[in-house]
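S.K.: no FASTA, just this:
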């Protein structure tokens, strides 16, 4: 048995007989890579794919990142305002006593730090706005945004201060009756205001808050009514705007976001222009 197994293993380990029919030869030159065919295929496939990606990116990703993005969509950028975190830190460091004793919000950089870079941006906004507006005795402007949280109230307040610093007699009106915030910024009472005036429960002198800052008066919103759109589009609102124009050089309306409610669209028809605050991104 052992001998049989050894012979079986030896038989399996031996190679069979091989007949060479055609011996291998060494090629005299490199094998071709089909360069032209591959280049043509890459062009035909890659070009449409790249163009398609560009078109998809252009149509789907429409966020505003720079002022040039606004220009491409037909808007005229008036100014670019930087984020205020660093400026507020500087206000706390350089104006410790003023910041500690004042009840005004620290986002009023045009008041706390009038020579700072962000205050300069608001002066740039002021200048471009005056150039773009029609040359009337009083200029009424609505300040709004597309959605909440883009900085429209901060912009309206600082622009009003910047205009007042230029010697203009300015009225800042809180026309956002649904979510008013100007009274928080300037630490004011908001018991009576524009809503009371339009409803006929108070007159203009009763609701006006005079000389909050030099050359700056404020008309707050008052208690929220149930029909702000109807009030802003009423005959009484037109009469109030006419009264404002007689008393002031510049009237700024802080209005609600345009995509949320129709109030701003109604109000804008009675004014000289609209500033839309667009947050980057």
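M.R.: Now that the structure is in, tell me what you want to look at. These figures come from a predicted structure and were not determined experimentally.
S.K.: Could you report the neighbour count for residue 188?
M.R.: The number of residues packed near residue 188 is 16, by other CB atoms under 10 Å. Bear in mind the C-beta positions are built from the backbone N, C-alpha and C, glycine included.
S.K.: roughly how far apart are it and residue 81?
M.R.: 24 Å (CB to CB, to the nearest Å).
S.K.: Does the residue lying closest to residue 165 once chain neighbours are set aside fall in a helix, a strand, or a coil region?
M.R.: On the basis of CB to CB, 6 or more residues apart in numbering, the spatially nearest residue to residue 165 that is not a chain neighbour turns out to be residue 114, at 6.6 Å. Assigned with DSSP: H, G, I helix; E, B strand; the rest coil, residue 114 falls in the coil class.
S.K.: Which parts of the protein are helices?
M.R.: 2-13, 35-60, 67-72, 85-94, 96-101, 109-112, 117-132, 152-165, 182-185, 194-199, 204-207, 228-232, 235-247, 263-268 (DSSP state H).
S.K.: Which of the ones you listed has the lowest mean pLDDT?
M.R.: Among the helices of the chain, helix 96-101 carries the lowest mean pLDDT, a mean of 64.
S.K.: if I pick the closest residue in space to residue 211 that isn't next to it in sequence, what's in contact with it?
M.R.: Distances taken as CB to CB, 6+ apart put residue 217 closest to residue 211, at 6.7 Å, once the chain neighbours are dropped. Residue 217 makes contact with 170, 171, 172, 208, 209, 210, 211, 248 under the criterion CB atoms under 8 Å, 6 or more residues apart in numbering.
S.K.: partner residues bridging residue 217?
M.R.: Beta-bridge pairing of residue 217 under DSSP bridges involves residue 171.
S.K.: and the gap between it and residue 199?
M.R.: For residue 217 relative to residue 199 (CB to CB), the value is 21 Å.
S.K.: What separation do you get for the residue nearest to residue 165 and residue 266?
M.R.: Distance of residue 114 to residue 266, computed by CB to CB: 35 Å.
S.K.: Compare these two (neighbour count), which wins?
M.R.: The residue with more neighbours, out of residue 114 and residue 266, is residue 266; 19 against 14, by other CB under 10 Å.
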